[in-house]
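In: next comes the sequence, and after it the predicted model I'd like to discuss.
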Amino acid sequence: MSLKPINVFAAVNAGLFAILCMVFYGREFRAYHGPGNVAEFLIYAGCIAAVTAVGWRALRRVDLPAGVLVFMQIGILAHFAGGFVPVNGHRLYELVILDVRFDKYVHVLNALAGCVLVDHLMARHQSPIPRLLLIVMVVLGAGAVVEMVEYAAKLAVASTGVGDYDNNMRDLWANFAGCVVFMAALAIRSAWLQAGARQPAR
């Protein structure tokens, strides 16, 4: 396996995933989360492993910049920190900052990272549908699939930490907020470049 950024990204996350599996089944962590979450974790673990394998196989020949992958890695680490890092006897996910749970900030961050990834993959895409609309719809669709998996876990496992319908919809809104941040960043970047192009050469 070459040292292409996508291969390094896949290898790092495979190792991280293995470490988290071992930590999860440790005595202290199981006592902290409760026995019901072991089954919940297995559902998420299987989905994450499948997405990682399929994603690496599909993208291993794509020239993804290291910066895009680093952004995605930050989102992944924020997700795992939210579920694994205890704060005052609770998960970091449940910490409230400015009246918003940490969980929602993670959704915003991951949606933003997803937009950056899809934007790069669609760099040469030709379609009658506006590219920005496609990017947002792909990211929102991926976020909806995540919520479907969480709902399946809630049906299959007696005790989960995914919340209720209200939490589900707040997650989707947080994903949309991440897309809005991406669109705003593009607009600011475009205005900045246009302003620079209008300045007379010295």
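Out: Yes, it's here.
In: which residue packs closest to residue 97, ignoring adjacent ones?
Out: Of all residues not flanking residue 97 in the chain, residue 105 sits nearest, at 7.0 Å (Cβ to Cβ, 6 or more residues apart in numbering). For every residue, glycine as well, the C-beta is placed using N, CA and C.
In: tell me who's in contact with that neighbour.
Out: With contacts defined as Cβ atoms under 8 Å, 6 or more residues apart in numbering, the neighbours of residue 105 are 78, 97, 174.
In: what's the helix or strand where residue 10 lies packed up against?
Out: Applying DSSP states H and E as the criterion places residue 10 in helix 5-24. Counting contacts by 3 or more Cβ pairs under 8 Å, 6 or more residues apart in numbering; DSSP states H and E, helix 5-24 packs against helix 36-59, helix 66-84.
In: for stretch 66-83, list every residue counted as buried.
Out: For stretch 66-83, the neighbour count (16 or more other Cβ atoms under 10 Å) marks 68-69, 71-73, 75-76, 78-80, 82-83 as buried.
In: just those now: which is nearest residue 184?
Out: residue 71 (16.3 Å; Cβ to Cβ).
In: quick one: which of the buried residues of stretch 66-83 is nearest to residue 22?
Out: Distances from residue 22 to the buried residues of stretch 66-83, taken as Cβ to Cβ, are shortest for residue 80 (13.5 Å).
In: go ahead and confirm that closest one touches residue 19.
Out: No: counting by Cβ atoms under 8 Å, residue 80 does not reach residue 19; the two are 10.0 Å apart.
In: could you point out the longest helix in the chain?
Out: helix 165-198 (DSSP state H).
In: for that helix, which positions count as buried?
Out: 167-168, 170-172, 174-179, 182.
In: okay, those in a markdown table with pLDDT and distance to residue 121 next?
Out: As requested, these are arranged in a markdown table below (pLDDT from 0 to 100; distance: Cβ to Cβ, whole Å):
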| residue | pLDDT | distance to residue 121 |
| --- | --- | --- |
| 167 | 82 | 30 |
| 168 | 84 | 27 |
| 170 | 90 | 28 |
| 171 | 92 | 23 |
| 172 | 93 | 22 |
| 174 | 95 | 23 |
| 175 | 95 | 18 |
| 176 | 95 | 20 |
| 177 | 95 | 22 |
| 178 | 95 | 17 |
| 179 | 95 | 16 |
| 182 | 95 | 14 |
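In: circling back: how far off helix 36-59 does the helix holding residue 10 point, in degrees?
Out: If you take axes from the mean of the first three to the mean of the last three Cα atoms, to 10 degrees, helix 5-24 sits at 170 degrees to helix 36-59.
In: what angle sits between helix 5-24 and helix 66-84?
Out: Put simply, helix 5-24 runs at 10 degrees to helix 66-84, going by the same axes, to 10 degrees.
In: got the contact list for helix 5-24?
Out: 1, 29-30, 38, 41, 45, 48-49, 52, 55-56, 59-60, 62, 64-66, 69, 72-73, 76, 80, 84.
In: so for it, mean pLDDT?
Out: For helix 5-24, mean pLDDT rounds to 82.
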